[in-house]
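Peer 1: what's the 3D shape of this:
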Amino acid sequence: MKLVLTIGFLIISNIFMTFAWYGHLKLQQLKLITSNTPLMLVILISWGLAFFEYCFQVPANRIGFIHNGGPMNLVQLKVTQEVISLIVFTIFFVLVFNKDSLHWNHFAAFVCLVMAVFFAFLK
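Peer 2: The predicted structure follows:
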């Protein structure tokens, strides 16, 4: 159950993180903000979203960490978070920035990260 909760919280935190980091670029494409919008305002909006990222990321790490009774060591938590981040970003990229496209090298990079998770969990 702790593994499911950890992964679920990591997914939710990465959704907020992706919108915090890249959402303003889509808002700029939609002309809801411009390149003249003060950078500090964009940062504050991103920080507002990042607050919710941390509300899920920190509990995910605490619940999932082996020394708190969770199923993963620190390396496994980090590598898992990176793959979840890539999956969430890829979905965001395809759905939100649908005029851009993925190429073979993007998929090759994804496979390398998935292999990193595999190796991180090897005993």
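Peer 1: what residues are up against residue 6?
Peer 2: Each residue near residue 6 by CB atoms under 8 Å, 6 or more residues apart in numbering is listed here: 60, 61, 63, 64, 70, 71, 72, 77. (C-beta placed from N, C-alpha, C; glycine too.)
Peer 1: Which helix or strand contains it?
Peer 2: helix 2-29 (DSSP states H and E).
Peer 1: That helix - what's its average pLDDT?
Peer 2: Mean per-residue pLDDT for helix 2-29: 94.
Peer 1: How far off centre is that helix?
Peer 2: With CA atoms, centre = their mean, to the nearest Å as the basis, helix 2-29 stands 5 Å off its chain's centre.
Peer 1: So for stretch 6-20, what gets flagged as buried?
Peer 2: Residues of stretch 6-20 classed as buried: 6-7, 9-20 (neighbour count, 16 or more other CB atoms under 10 Å).
Peer 1: Just give me the closest of the residues you listed to residue 88.
Peer 2: Of all those, residue 14 has the smallest distance to residue 88: 4.2 Å, by CB to CB.
Peer 1: Against residue 36, how distant is the closest residue to residue 89 other than its chain neighbours?
Peer 2: Excluding its sequence neighbours, the residue lying closest to residue 89 (CB to CB, 6 or more residues apart in numbering) is residue 18, at 5.4 Å. According to CB to CB, to the nearest Å, residue 18 and residue 36 sit 25 Å apart.
Peer 1: do the same with residue 6
Peer 2: Residue 6 sits 42 Å away from residue 36, going by CB to CB.
Peer 1: Might you list the low-confidence residue ranges for the chain?
Peer 2: For the chain, applying pLDDT under 70 flags no range at all.
Peer 1: where along it do the strands fall?
Peer 2: Read by DSSP state E, the chain holds no strands at all.
Peer 1: hey, where'd the helices end up in it?
Peer 2: Assigned helices in the chain, in chain order: 2-29, 39-64, 74-96, 104-121 (criterion: DSSP state H).
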